[in-house]
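Undergrad: generate coordinates for the sequence data below:
(one chain, ligands or ions: 2)
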Amino acid sequence: MNVYTNNIIAAAIAFPVIAFAITVPYMIYQYRKFGSIPWIRTLIVYSLAFYLLCAYFLVILPLPEDRSAVVAYAATPQLMPFNFVREFLAETTFSLGDPSTWLATLRDPYVYEAAFNVLLLVPLGMYLRYYFRRTWYQTLLIGFSVTLFFELSQITGLWGAYLHPYRLFDVDDLILNTLGSMVGFWLVGPAMRLLPDIRLVNEEAREAGMRASVTKRALSFFIDVFVAQTASTMVAGALDATGARAAAEAQGVSWGLVSMAVDAVFYLLCFVAIPALTKGQTPAQMLLKLRIVRPDASRARWYQYLARYGFLYALALAPFLALFGIVSLDPAQASEMSSIAAFFADHRAGFVVAWLVFMGAWALSLIVRAIRSAVKKRPFIMLNGVLSATRVMTVDAVQQERDRRSPLDVSAVTALESMIADDGVPLSELMKRAGTAVADEVRAWVPDPSPVVVFAGSGNNGGDGWVAAHALAEAGYRAILVTPDIAERIKAEPARSTAMAAFADASERGLPLSVLVAPDADVLASALDEAKAVVDAVLGTGFSGTELREPYAGWIRAANRRRFEGSREKGRGFHRKRAFERGDHDRSRKSLPTKAKDAPLAVAVDVPSGLGAQTGTIARPTFAADTTVTMLAYKPGLVKPQARRFTGSVELARLVDTAPYLSRLRGIDAADSGVEPSA
Ligand SMILES: NC(=O)C1=CN([C@@H]2O[C@H](COP(=O)(O)OP(=O)(O)OC[C@H]3O[C@@H](n4cnc5c(N)ncnc54)[C@H](OP(=O)(O)O)[C@@H]3O)[C@@H](O)[C@H]2O)[C@@H](O)CC1
Ligand SMILES: [K+]
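TA: Ligands and ions are numbered 1, 2, ... in the order given. Alright, predicted model coming up:
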């Protein structure tokens, strides 16, 4: 046992560092993917790397001192399954009726070694189920493979590093280790209810990734300064080595001045020239997926980069250099200096204090503004940003803002659809992609196998709903599709054929998709009660008006009621008259009532039903969503100020590469606005 403990201590010192080195590439990968680093994932992967290192070293240590050592007990592999039971029974004094023998049994090497072998892979089983979401047989297979790898390391003398095996290959280890991974699998099951659902972390990370946080901006600035300064120092050093210094000084040019000029060249290169070439990215900003833009997310000009970083340089770096200069003045040589320098030298202490006060006040104001912007969830804007009329946004946020600022008229969307169809992607295919995008949105926020209610109208917006319900059922959700009529009687195409195909496929494969045709209020309410998500695919761009007809009006009211009043079991005034009024959302109301605690996620397809896609008018009733997944392009109605409280956040599902079509559609005015249609 002592050997094990020593190994653990050795590992405790070296492995945290190694495990971190293993985790760093994973962190970079996550940042590139989500635009932020989800700490919980990083922690889990780090701990997994650390644990596997420990486990492996427990298996292969202690290393013999000499490469050709023959370890007698390891010479012949132990190939008899359950040998440890036999050995244990042969020598034990254990008797169930006699408690005095129990303790001795626990101390028996066969017992504690067996227990240790089980424990060794318990964490692996937990990781496999919780983090990697493996099934029991996958866990069994992976657990067995890892064990086999351990035992093969032993029988081969660490893959030939030693001439003879120095640890025993034991079939019982294979059995007990593998059992351990299964024990871990079973143990973590109940705990998973308390642990955060790892599948939902991605979406939060993606949201965080949209923000150009102070940390990201500061980090990118320091990387850039570091790169520019290192390059400049190296070039100045190289010049010095080639004798440029002597030449300059012979001409009476101070070398300090020359190296400052070299600095200036590299800073200009990094902060002005490169951004001008890359449409607004310094080298570090390319790495961190940030971009310098105008406040409206359009492309900035080179002189704005110059202004932005010139001011920043003046505010953040110049005071340091000045201080450095002042401190290095020597009052003893005051007589040789100019009168200004002598004045500075005589009052060094005073200037340092003044400098500290100035920097302190500035830093304090930065901190205060950073906290305020964090609390109010507004971007943190620095003085140099205001003066240069620029801001730094994440590349994704820039794209989103540009999309939002160039909505496409509903008539143009139709034109766009036929252009895409002419190029070989028919509307039915677009519908498939649209529905899948909606299902993905639900899957990002709600874990399976939750019940999801999908309201599908009888137009093509409804067709998207059929695809979404089918995709969700396929992914293991209990999809409940609400429709005014059976699929065959839908009039719109391709909604009809899509719905029929989805229904036929689900029935054939026994997918958990149930269809409620024109359900009565009670049936609908019970379905909504248990739903974890509600998808509104009732009306899309084909609707305009101020009043919804039945049954759609009733559906939307029921969905909104569920959202604001809670489920009926919770008994929060579902039957009160006010509930009906609330479901209606009086248009004069400034804001919607707050959501009930158990409100399901509400996702609108293309536009929330009731909202006029072109005009932004709000009909009675209008669906209130957390997220609207809109297809191909933003519609004008979605970006009207009054729409926001019904749309929630808007996600654009591009479905195809729309950029070439959009520039054809928008023609000349895209070039004028300086807005790039799409990256
Ligand atoms: N753009 C894209 O790439 C893609 C677009 N696609 C999707 O197609 C959607 C547009 O489909 P769309 O044109 O069929 O219209 P849509 O919104 O379903 O509405 C028609 C329904 O509204 C109904 N209705 C009308 N007024 C009403 C009222 N007052 N009260 C009640 N009902 C009323 C009308 O009923 P009816 O008059 O027939 O009785 C009819 O049933 C679009 O939003 C997008 O989701 C994707 O599938 C593919 C990719
Ligand atoms: K809709």
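
Undergrad: stretch 485-492: end-to-end distance?
TA: In stretch 485-492, first residue to last residue: 12 Å (CA to CA, to the nearest Å).

Undergrad: got a list of contacts for that stretch?
TA: 458-460, 462-463, 466, 483, 496, 499-500, 502-503, 515, 517-518 (CB atoms under 8 Å, 6 or more residues apart in numbering). For the C-beta atoms, the positions are set from N, CA and C on the backbone; glycine is no exception.

Undergrad: what are the buried residues along stretch 436-455?
TA: 436-446, 450-455 (16 or more other CB atoms under 10 Å).

Undergrad: does ligand 2 sit close to that stretch?
TA: No. Using CB under 5 Å from the ion, stretch 436-455 never reaches ligand 2; the gap is at least 8.3 Å.

Undergrad: using CSV, write out every CA atom in that stretch.
TA: Once non-C-alpha atoms are left out, stretch 436-455 reads as follows in CSV (Å, rounded to 0.1, in the frame of the first residue of the first chain):
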residue,chain,number,x,y,z
THR,A,436,-34.0,21.1,-38.2
ALA,A,437,-32.6,24.4,-37.1
VAL,A,438,-35.6,24.9,-34.8
ALA,A,439,-35.2,21.4,-33.3
ASP,A,440,-31.5,22.2,-32.7
GLU,A,441,-32.5,25.3,-30.8
VAL,A,442,-34.7,23.3,-28.5
ARG,A,443,-32.1,20.7,-28.1
ALA,A,444,-29.5,23.3,-27.1
TRP,A,445,-31.6,24.4,-24.1
VAL,A,446,-33.8,21.4,-23.1
PRO,A,447,-32.4,18.0,-22.4
ASP,A,448,-34.0,14.9,-23.8
PRO,A,449,-36.4,13.0,-23.3
SER,A,450,-38.5,16.0,-22.2
PRO,A,451,-42.0,16.5,-23.7
VAL,A,452,-42.2,19.2,-26.3
VAL,A,453,-45.4,20.7,-27.8
VAL,A,454,-45.2,21.9,-31.4
PHE,A,455,-48.0,24.0,-32.7
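
Undergrad: how far off centre is that stretch?
TA: 18 Å (CA atoms, centre = their mean, to the nearest Å).

Undergrad: so for it, mean pLDDT?
TA: If you average the pLDDT over stretch 436-455, you get 93.

Undergrad: going forward can the numbers begin at 316, since that is how I track them
TA: Sounds good: first residue 316 from here, last item stretch 751-770.

Undergrad: next, see if that stretch gets close to ligand 1.
TA: No. Using CB under 6 Å from any ligand atom, stretch 751-770 stays clear of ligand 1, coming no nearer than 9.2 Å.

Undergrad: export stretch 821-838 as PDB, just CAs?
TA: These are the backbone C-alpha positions of stretch 821-838, laid out as PDB (Å, rounded to 0.1, in the frame of the first residue of the first chain):
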ATOM      1  CA  ALA A 821     -42.300   8.500 -37.400                       C
ATOM      2  CA  SER A 822     -45.100   5.800 -37.400                       C
ATOM      3  CA  GLU A 823     -43.000   3.300 -39.300                       C
ATOM      4  CA  ARG A 824     -40.000   3.700 -37.000                       C
ATOM      5  CA  GLY A 825     -42.100   4.000 -33.800                       C
ATOM      6  CA  LEU A 826     -40.700   7.400 -33.000                       C
ATOM      7  CA  PRO A 827     -42.200   9.200 -30.000                       C
ATOM      8  CA  LEU A 828     -44.200  11.600 -32.000                       C
ATOM      9  CA  SER A 829     -47.900  12.000 -31.200                       C
ATOM     10  CA  VAL A 830     -50.300  14.200 -33.200                       C
ATOM     11  CA  LEU A 831     -53.200  16.000 -31.700                       C
ATOM     12  CA  VAL A 832     -55.700  17.000 -34.300                       C
ATOM     13  CA  ALA A 833     -57.800  20.000 -33.300                       C
ATOM     14  CA  PRO A 834     -57.600  19.000 -29.600                       C
ATOM     15  CA  ASP A 835     -60.100  20.500 -27.100                       C
ATOM     16  CA  ALA A 836     -59.000  23.000 -24.500                       C
ATOM     17  CA  ASP A 837     -58.500  20.500 -21.800                       C
ATOM     18  CA  VAL A 838     -56.400  18.000 -23.800                       C
END
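
Undergrad: near ligand 2, which residues of this protein?
TA: Counting by CB under 5 Å from the ion, the chain sits next to ligand 2 at 851, 919-920, 924.

Undergrad: on that earlier part again, give me the buried entries from the contacts of stretch 800-807.
TA: For those, buried by 16+ other CB under 10 Å: 773-775, 777-778, 781, 798, 811, 814, 817-818, 830.

Undergrad: inside strands: which ones of the residues you listed?
TA: Of these, the ones assigned to strands by DSSP state E are 798, 830.

Undergrad: just the closest of the buried ones among the contacts of stretch 800-807 to ligand 1, please.
TA: The nearest member of the buried ones among the contacts of stretch 800-807 to ligand 1, counting by CB to the nearest ligand atom, is Gly774 at 2.2 Å.

Undergrad: which residues touch the closest one?
TA: Contacts of Gly774 by CB under 8 Å, 6+ apart are 807, 810, 854-855, 857.

Undergrad: tally of neighbours for the nearest residue to Pro915 once chain neighbours are set aside?
TA: Spatially, and ignoring its direct neighbours in sequence, Pro915 is nearest to Ala846 (4.6 Å; CB to CB, 6 or more residues apart in numbering). Using other CB atoms under 10 Å, Ala846 has 24 neighbouring residues.

Undergrad: same check on Ala622?
TA: What Ala622 shows, counting by other CB under 10 Å, is a neighbour count of 19.
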